[in-house]
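Peer 1: sequence plus predicted model, see below.
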Amino acid sequence: MPPKKITEKPRSVLPGGGKDISFFEQVYDVVRLIPKGRVTSYGAIAAFLGTKMSARMVGWAMNGSFHVKPKVPAHRVVNRNGMLSGKAHFATPTLMEELLAKEKIKVKDDQIVDFDKKYWDPAENLEI
DNA sequence: TTGTTGACCTCTT
DNA sequence: CAAGAGGCCAACA
């Protein structure tokens, strides 16, 4: 993943107040609101934004979350099974696990331990 | 410009 | 119960 050439400036910068924020911006916003020591899933974010089917796009958004500021805790986002599916896309394959370890989140076999306890549902803690 | 791919999720066979 | 296909939005070739 050296060539991480993602468009830094999506169409979020629109004339007229920038009210029309793209899906990415919303995803970043939700991910940033994830409390420390908690994790969520792509589907939950997608469902919170409106369509649960666009979970793929959430993952794609994470791909560009590294060069986005403020930094987005992409390591707190995992798939529905609690597996670190995107760990390979981090700077180093072990970075995601390291970051989660700092959040007191145990990871075993690329899977979050007590995922249901660490799980944080945006729909139940945030409001549109 | 169209077509394919992608860190996923859910429904259907 | 297990496996397959469909569907979302955006980036890349």
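Peer 2: The structure has been received and is ready for your questions.
Peer 1: residues contacting the residue of chain A at minimum distance from DNA strand B?
Peer 2: Nearest residue of chain A to DNA strand B, counting by Cβ to the nearest atom of the strand: A:Gly86, 1.7 Å away. Using the backbone N, CA and C atoms, a C-beta is placed for each residue, glycine as well. A:Gly86 makes contact with A:Gly59, A:Met62, A:Ala74, A:Val77, A:Val78, A:Met96 under the criterion Cβ atoms under 8 Å, 6 or more residues apart in numbering.
Peer 1: try it again at 6 Å.
Peer 2: A:Gly86 makes no contacts at all, as judged by Cβ atoms under 6 Å, 6 or more residues apart in numbering.
Peer 1: tell me the phi and psi of it?
Peer 2: The phi/psi pair for A:Gly86 (degrees, to the nearest 10) reads phi -100, psi 10.
Peer 1: which strand or helix spans A:Thr40?
Peer 2: strand A:40-41 (DSSP states H and E).
Peer 1: ok, that strand: who's next to it in the sheet?
Peer 2: strand A:77-78 (parallel) (DSSP bridges).
Peer 1: what does the strand it pairs with contact?
Peer 2: With Cβ under 6 Å, 6+ apart, strand A:77-78 has contacts from A:Val31, A:Val39, A:Thr40, A:Leu84.
Peer 1: again with stretch A:61-68
Peer 2: A:Ile6, A:Phe24, A:Val27, A:Tyr28, A:Val72, A:Ala74.
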